[in-house]
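# Dropping the sequence and predicted coords here.
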Amino acid sequence: MAVLVSGGAGYIGSHTVVALHEAGRKVVILDDLSNSSARAVDAIRALTSSDVAFVEGDAADPTTVEAVVAAHGIDEIVHFAAFKAVGESVADPLAYYRNNLGSTVTLAEAAVAHGVPRLVFSSSATVYGEPDEVPIAESAPSWAENPYGWTKFMSERILTDTAAAHPLDVVLLRYFNPIGAHASGTLGEDPNGVPNNLVPYVMQVAVGRLERLSVFGADYDTPDGTCLRDYIHVVDLAEGHVAALEALLAGLEGCTPVNLGTGVGSSVLEVVTAAGEAVGRPIPYEIAPRRPGDVARTFADASRAEELLGWRARRDLATMLADHWRWQRENPNGYAG
């Protein structure tokens with residue numbers, strides 16, 4: 001079984017490539033390295049096999065995708081490739097629409113043209129916008145608050161319509177807040193520039209690259225006043241992609257949205273405290289004003305994943321943070337060393 005993984009050198013993609021290889025699949029990585037590193041491919045091969053195929057190229061380029069699908073006899077596609085910084089998407093929305101929607105259309109076209117029957121799409125809980133209630137089920141209204149979120153929303157629509165018109169079955173994986181790293185400490189998250197997300201920022205404070213964390217808002221209607229989020233280990237997430245492909249192979253039809261999360265909300269201060277325990281010393285932080293657009297609480301109803309995919313998150317917050325810290329400690333500058 002040959003699977004094309006677009007964006008397979010990125011944070012979630014690289015861990016998924018390892019999980020797919022462990023599940024017995026032949027993996028082909030397609031990545032333009034605009035938001036990733038060739039050293040991630042080296043790390044993947046060290047953990048799996050030296051013959052994992054890597055093609056440096058743009059998933060939005062039809063010629064490149066057509067050549068890869070034809071040359072490698074692709075049976076399945078897992079689509080990660082996308083720009084993903086919310087603030088950048090607001091500043092340059094056209095780049096996000098061109099890249100993120102272009103890659104989705106191009107991969108869907110290639111799947112239809114070559115009779116690839118199964119596709120798993122890396123979506124996001126951003127498609128829920130500001131939720132009316134938690135936990136969030138897949139039946140909750142879809143919306144978005146920024147261009148990045150709209151690209152996920154629109155990509156879901158593109159794939160839903162394609163699946164309705166062609167013999168292509170799709171799972172839309174809506175995940176919440178991935179953190180953690182491979183237990184080996186050789187594969188992890190290496191954001192470009194200053195991290196946008198809590199845990200990579202915390203870990204860069206812990207390793208000395210940043211001075212302190214700003215906690216944006218401590219007056220929310222939550223137990224400790226800080227925002228609640230559903231954090232999920234990236235390896236659990238990777239295993240969810242394998243489970244989605246297996247469910248499609250077993251007969252799951254159409255285009256199916258599925259949440260991947262733990263169903264548990266952890267506050268910013270809980271994460272900061274737990275990170276300090278993983279690191280072995282307190283994480284310096286300061287309370288700052290709320291950021292526009294942040295919602296008080298968001299966490300998943302993950303029951304559909306267990307029902308349809310036979311999947312559930314297995315790793316707890318302490319494990320997530322211990323693994324993330326191991327990666328950061330052993331690679332203080334990410335893949336640069």
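Perfect, thanks for sending it. Numbers count the residues shown, from 1 in each chain.
# Other residues contacting the lengthiest helix in the chain?
Determined from DSSP state H, the single longest helix within the chain is helix 147-165. By CB atoms under 8 Å, 6 or more residues apart in numbering, the list of residues contacting helix 147-165 from outside reads 82-86, 88-90, 93, 96-97, 100-101, 104-105, 108, 111-112, 119, 121, 123-124, 126-127, 129, 142-144, 168-170, 172, 254-255, 257. All C-beta atoms are positioned from the backbone trio N, CA, C, and that covers glycine.
# Pull the distance from that helix to the chain's centre.
Per CA atoms, centre = their mean, to the nearest Å, the displacement of helix 147-165 from the mean C-alpha position of its chain is 16 Å.
# go on, stretch 82-93?
The answer for stretch 82-93 is 15 Å, by CA atoms, centre = their mean.
# Compute the first-to-last residue distance for that stretch.
13 Å (CA to CA, to the nearest Å).
# residues in contact with it?
7, 34-35, 95-96, 99-100, 103, 122, 126, 146-149, 151, 196.
# Now do it, average pLDDT.
In this model, stretch 82-93 has a mean pLDDT of 92.
# which of the contacts of helix 147-165 are buried?
82-86, 88-89, 96-97, 100-101, 104-105, 108, 111, 119, 121, 123-124, 126-127, 129, 142, 144, 168-170, 172, 255, 257 (16 or more other CB atoms under 10 Å).
# quick one: which of those residues sit in helices?
Judged by DSSP H, the buried ones among the contacts of helix 147-165 include Val86, Glu88, Ser89, Tyr96, Thr104, Val105, Ala108, Ala111 as members of helices.
# So which of these is the closest to Asp230?
For those, the residue nearest Asp230 by CB to CB is Val86; the value is 17.3 Å.
# Need the CA coordinates for the least confident helix or strand in the chain by mean pLDDT. PDB is fine.
Using mean pLDDT, DSSP states H and E, helix 86-91 stands out as the lowest-scoring helix or strand of the chain, at a mean of 90. Provided in PDB are the C-alpha atoms of helix 86-91 (Å, rounded to 0.1, in the frame of the first residue of the first chain):
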ATOM      1  CA  VAL A  86      -3.100  32.700  11.800                       C
ATOM      2  CA  GLY A  87      -1.600  36.200  12.000                       C
ATOM      3  CA  GLU A  88       0.300  35.800   8.800                       C
ATOM      4  CA  SER A  89      -3.000  34.700   7.100                       C
ATOM      5  CA  VAL A  90      -4.600  37.900   8.200                       C
ATOM      6  CA  ALA A  91      -1.700  40.000   6.800                       C
END
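# For the stretch 201-337 of the chain, just list every one of the helices.
All helices of the stretch 201-337 of the chain, identified by DSSP state H, counting those that start in this stretch, fall at 234-249, 268-279, 303-304, 317-330.
# and the last one, how far out from the chain's middle?
Here the centre of mass of C-alpha atoms in helix 317-330, compared against the chain's by CA atoms, centre = their mean, lies 17 Å away.
# Tell me the buried residues in it?
Under 16+ other CB under 10 Å, the buried positions of helix 317-330 are Leu317, Thr319, Met320, Leu321, Ala322, Asp323, His324, Trp325, Arg326, Trp327, Gln328.
# wouldn't the second one be in contact with Tyr231 here?
No. Thr319 is beyond contact range of Tyr231, at 10.8 Å (criterion: CB atoms under 8 Å).
# in a strand, that's where Val199 is, yeah?
No. Using DSSP: H, G, I helix; E, B strand; the rest coil, the secondary structure at Val199 is helix, not a strand.
# what about the nearest residue to it once chain neighbours are set aside, neighbour count?
Ranked by CB to CB, 6 or more residues apart in numbering and with sequence neighbours excluded, the top spatial neighbour of Val199 is Ile179, at 4.2 Å. Residues lying near Ile179 (other CB atoms under 10 Å) number 26.
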